[in-house]
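Visitor: the sequence isn't on hand, but the structure is:
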């Protein structure tokens, strides 16, 4: 995939009430684009690219998927260009215990697990991965990601506006598009439908 950055994307900056920031978490569950030099281990990407503290990775990210397969060893799992990484806290019940990385019953899902394998040496080049955040990981890390800014695939933000902007307009305290202030009410018309969007959402008291 062609590397993307906040400089290349259509920029949207919003200010909302802190109590309403959760309304944007659905975008993080659907996935944000992250550029990095790939292939690289999932462990390195979490620390060095996503800037997630090691203690948080070890204690809170109990379930992870690489292209839909559960990952047990973050050091061994290699992320390549175009891959999809899903991060989650521990999930309840037997299913959650089965999917938990390094869990006692992880052997029950061998067919669903990511199995690292030796491959031909690949050149490390700029690439793009998709990161999805779920449950407590989304709630706890989401504000920091949104505050720094996230890159969304073409059309994703426009779909979000079409579905939710009527409810969000009253709690949007400010909006800027490509650096220029706009009225929140006209944001759906101000954002091109197919563009990759760099979305930054900050909070303040109403």
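Guide: Yes, it's here. Worth saying up front: this structure is predicted, and the values here are computed from it rather than measured.
Visitor: quick one: the strands in this structure, in order.
Guide: 10-17, 32-38, 40-41, 63-66, 69-70, 78-79, 84-88, 125-133, 150-152, 172-177, 180-181, 197-204 (DSSP state E).
Visitor: who does the first one pair up with?
Guide: Each strand that pairs with strand 10-17, with its direction, by DSSP bridges: strand 172-177 (antiparallel), strand 197-204 (parallel).
Visitor: which residues does the shortest one contact?
Guide: Just to be clear, that refers to strand 172-177. Contact with strand 172-177 is made by 10-17, 181-184, 187, 190-191, 204, 206, as judged by C-beta atoms under 8 Å, 6 or more residues apart in numbering. All C-beta spots, glycine's among them, are computed from the backbone N, C-alpha and C.
Visitor: the longest one now?
Guide: Counting by C-beta under 8 Å, 6+ apart, the neighbours of strand 197-204 from elsewhere in the structure are 5-6, 9-18, 21, 24, 27, 143, 146-152, 156-158, 173, 191.
Visitor: show me which of the residues you listed are buried.
Guide: Buried subset of those (neighbour count, 16 or more other C-beta atoms under 10 Å): 6, 9-16, 21, 24, 27, 143, 146, 149-152, 156-158, 173, 191.
Visitor: who wins for proximity to residue 49 among the strands of the chain?
Guide: Between residue 49 and the strands of the chain, the tightest spacing by C-beta to C-beta is seen for strand 32-38, at 4.7 Å.
Visitor: what's the angle from the closest one to strand 84-88?
Guide: For strand 32-38 against strand 84-88, the angle by axes from the mean of the first three to the mean of the last three C-alpha atoms, to 10 degrees is 120 degrees.
Visitor: numbering from 2 from now on, please.
Guide: Fine by me, first position is 2 from now on; the one you just mentioned is strand 33-39.
Visitor: so what secondary structure elements neighbour strand 33-39?
Guide: Applying 3 or more C-beta pairs under 8 Å, 6 or more residues apart in numbering; DSSP states H and E, one finds that strand 33-39 makes contact with strand 126-134, strand 151-153.
Visitor: any idea of the angle it forms with strand 126-134?
Guide: Counting by the same axes, to 10 degrees, strand 33-39 lies at 140 degrees to strand 126-134.
Visitor: and the average pLDDT for strand 33-39 is what?
Guide: The pLDDT scores in strand 33-39 average 96.
Visitor: run the chain-centre distance for it.
Guide: Put simply, strand 33-39 sits 10 Å off its chain's centre (C-alpha atoms, centre = their mean, to the nearest Å).
Visitor: identify the residues contacting that strand?
Guide: Residues contacting strand 33-39 (C-beta under 8 Å, 6+ apart): 4-6, 46, 50-51, 80-82, 84, 125-133, 146, 151-154, 197.
Visitor: thank you kindly, that will do.
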